[in-house]
Structure formats: structure tokens, C-alpha cells
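> sequence isn't available, so here's the structure alone:
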């Protein structure tokens, strides 16, 4: 079995009247995992760092540029039996202004802002729901013990 780390997961949040909201994207019906709601995801290109991949994917999939950007103190993981590989996925948190207007890419059929509570049941995998909760806690809980590492907002 091999261990691979060639994907990223990026949760985009914005302040709202409800506290914070997260942007979810619905995968296009002609893509892998059709019609599944997800955060920004993507593959690391040759010679690219994971955090730069996250910024690139956020821009490609939403047209947004974060005003704050962090590596979250959690990872996601899954086993792929076809490749006999364990994929480890770093998680990133991007904060954008609520008046930012995301644009829909051809990878997705829909996008929508949700409170974390409404978003969580829409995510297919427990690891994604857990990462969403970690990011939401960091942004909303003044007494959070989580430590996020700040990153540049441009590659």
C-alpha cells in the first residue's frame, strides 16, 4: 500500500447575520460523484505546494480571493482500493467578504451559502463534516483551543 498526498480540501467561509456561512458547490452531473455537495477540492500539480493548490482551486472553482487564509489543524483521509492507496488530504480555511460574488465553474452545477449546521448534512463524507466543524469552531468560538496557521492570500 502507498500513501499519497496529492489533493486538497478548502472550506470557504464568509461572515453573515447568522455568524458565518460556508460556500458549498454541487458537482456537475457529468463529473465523478455527480450532484454531490462539497467544498472546494482539487489535485496538486507537479511542483506545486498544497496551500498554493488550494488558492488556485478556490480561484478556479469560485473566482474568489480570500482576505484571510489558513491551514486547518486537521486532515481528511480515505482509502482507495483500486490503487491500494491511502490518501491524506490537508484542509484549508479561506475567509472572504460576504459581499463577494462567487462564479460557478463548469465543474459544478450549483453553489450556495449555508450555515455550518445546514451544510454539514449535505456533505457525503464524515471527514468533510468534521473538517467543516473544525473551521466553523475556529471562526465562531472565542475560546477555541484550535491553532490555525495563517498563510499568504496570494500564490
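Okay, I see it. No experiment lies behind these values; they were computed from the predicted model shown. Numbering: from 1, shown residues only.

> and the pLDDT at residue 143?
Residue 143 is assigned 67 on the pLDDT scale.

> contacts for the longest helix along the chain, please.
What stands out as the longest helix in the chain, according to DSSP state H, is helix 126-140. With C-beta atoms under 8 Å, 6 or more residues apart in numbering as the test, helix 126-140 has contacts from 9, 11, 13, 19-20, 22, 38-39, 70, 72-74, 76-78, 89, 91, 93, 95, 116, 119-120, 123, 144, 146, 148. For glycine as for every other residue, the C-beta is placed from the backbone atoms N, C-alpha and C.

> what helices and strands are in contact with the next helix or strand after that helix?
Going down the chain from helix 126-140, the next helix or strand is strand 149-150, by DSSP states H and E. With contacts defined as 3 or more C-beta pairs under 8 Å, 6 or more residues apart in numbering; DSSP states H and E, the packing partners of strand 149-150 are strand 68-80.

> buried residues in the strand it packs on?
By 16 or more other C-beta atoms under 10 Å, the buried positions in strand 68-80 come out as 69, 70, 71, 72, 74, 76.

> pretty sure the fifth one is touching residue 89, no?
No - here residue 74 lies out of contact with residue 89, judged by C-beta atoms under 8 Å, at a distance of 9.9 Å.

> hang on, the earlier thing: could I get the buried residues of strand 68-80 as TSV with pLDDT and distance to residue 50?
Below are the buried residues of strand 68-80 laid out as TSV (pLDDT from 0 to 100; distance: C-beta to C-beta, whole Å):
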residue	pLDDT	distance to residue 50
69	97	12
70	97	13
71	96	8
72	96	12
74	95	14
76	95	12
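
> pick the one among those residues closest to residue 49.
Nearest to residue 49 among these is residue 71, at 10.7 Å by C-beta to C-beta.

> does that closest one have beta-bridge partners, and which?
residue 92, residue 149 (DSSP bridges).
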